[in-house]
Every structure is written in structure tokens, then in C-alpha cells.
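Colleague: build me a structure from this.
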Amino acid sequence: MNESGCVRNVGRWISALLLLAAMETARAQSLDLPRLMQLLAAVPATEVAFTEKKFSSLLAAPVVSSGKLHYRRPDIVEKNIESPRKETYRFAGEELVMTRDGKERRIPLSSQPLLAAFAASLRGVLGGDIVLLRRHYELSLQGDEASWRLDMTPLDEETLKFVMRVTVSGRAGRVGKIEVRESSGDHSVLQVR
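Modeller: Here you go, the predicted structure:
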């Protein structure tokens, strides 16, 4: 083999290696629902600060609250609001426990399908539970591990009367934002800090 033949072979090998590297990079960055759920499920517990804005057609400005969001396997999600007033909402087991002004109120999720669907969206995303999410929502995922968005449309007609869509976005196994679009046109955006 002459020198130009060797150069061509080396060039082909380099091209093949570059093509393989590009394919591996694309495969590593692509994201499907099972992979996203795997990334989310890898986080057994979390505590993050949040700011939430609730927009309503009845209000001139959004209602802004802030506090901490906690998640602990298998099914505890707690939202501790510190401002503008102290409140706690805790999904644990099959109930929502609300605490305001030192008074506790317990609501069975079985009595409130809308709350049950909302609890499922939080637990399903934070726990990486695709089965739970698919029980309540049609799922649509866009993006890659560096920046993903999961749109969840309720399957239940009763829930659709109140909630059009829940959109969760983030990167890798970290949730960055939760948006809830209500059928009334109102919406809320919870931003993790």
C-alpha cells in the first residue's frame, strides 16, 4: 500500500471514529420518558427553596409566595409557605394535611379527585414514577438531559374542568419549574431556587 492509500485509510478511520463519537454524544443527550424517570427516581429526598406566582384574571397583580418544598420517598410532598403568611400543605399517604394559623385540616384524597391528580403529578415527577403519572395524565416530553419539559394533560374529564395542563421543566434529575394552567385561564408558576 502506498503512502496516499495509508492516508486515505487513516482518514476513513478518523471519520468513522468522529461519526461514532457524534452518535454517542447524541445518544447520551437524547431523553425519553423512562430515562427521565430514572434520573428523577435517583433522588431519594430533596428540600429546595421556591417562589410561586399565581396569576388570576380577578387580580391586578399575581399573588407571590415563597418557602420550601420537601420530598421524601415514597410519597411525602410538603410545601411550607413562609411568605406572605405561614401555611403548610403536606401530601402523605392518602391525605392532604393543611396547617394554617395553628389549625390542622385533613382531607382524604379519595374525596377530592382534583387533589388526588395534583398529588400524583408531584409524587410521580419527584419520585420518577411513570406508572403513577400515566394513571392520571397523558405525557409529552421534549428536550434533552440539559433542558427538558414534561407536559401532563389530565386524562380524567372532571379534572380537565379545572386543570388544562401541568408542565414541569428541569435538567437531568432536577426539577426547576412547575406550571399549572387552569381551565379558567388562571395559572401558577412555581420556580425552584
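
Colleague: what helix or strand is the residue nearest in space to the middle of the chain located in?
Modeller: Among the residues of the chain, the one closest to the centroid is Val168, at 3.6 Å (CA atoms, centre = their mean). Per DSSP states H and E, Val168 falls inside strand 163-171.

Colleague: next one: that strand to chain centre, how far?
Modeller: Here strand 163-171 shows a centroid-to-chain-centroid distance of 6 Å under the convention CA atoms, centre = their mean, to the nearest Å.

Colleague: sheet-wise, list the partners of that strand with their directions.
Modeller: strand 147-154 (antiparallel), strand 174-182 (antiparallel) (DSSP bridges).

Colleague: next secondary structure after the lowest-mean-pLDDT helix or strand in the chain?
Modeller: Within the chain, no helix or strand scores below helix 3-29, which has a mean of 44 by mean pLDDT, DSSP states H and E. Per DSSP H and E, the first helix or strand lying C-terminal to helix 3-29 is helix 33-41.

Colleague: the helix or strand just after that following helix pairs with which strands?
Modeller: Note on helix 33-41: by DSSP H and E, the next helix or strand toward the C-terminus is strand 45-55. Paired neighbours of strand 45-55 in the sheet (DSSP bridges): strand 63-72 (antiparallel), strand 187-192 (antiparallel).

Colleague: among the ones you listed, which is nearest Val43?
Modeller: Checking the strands paired with strand 45-55 against Val43 by CB to CB gives strand 63-72 as the closest, at 7.8 Å. In this view, the C-beta of every residue, glycine as well, is placed from N, C-alpha and C.

Colleague: and after the closest one, which helix or strand comes next?
Modeller: The first helix or strand that comes after strand 63-72 along the chain, using DSSP H and E, is strand 76-83.

Colleague: so what strands line up beside the helix or strand that comes right after that next one?
Modeller: Per DSSP H and E, the first helix or strand lying C-terminal to strand 76-83 is strand 87-92. When pairs are called by DSSP bridges, strand 87-92 turns out to pair with strand 76-83 (antiparallel), strand 95-100 (antiparallel).

Colleague: ok, now how distant is the residue nearest to the centre of the chain from Gly93?
Modeller: Separation of Val168 from Gly93 (CB to CB, to the nearest Å) stands at 23 Å.

Colleague: could I get the strands paired with strand 45-55 as a markdown table with mean neighbour count and distance to Lys177?
Modeller: Converted to a markdown table, the strands paired with strand 45-55 look like this (neighbours: other CB atoms under 10 Å; distance: least, CB to CB, whole Å):
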| stretch | mean neighbour count | distance to Lys177 |
| --- | --- | --- |
| strand 63-72 | 17 | 12 |
| strand 187-192 | 17 | 5 |
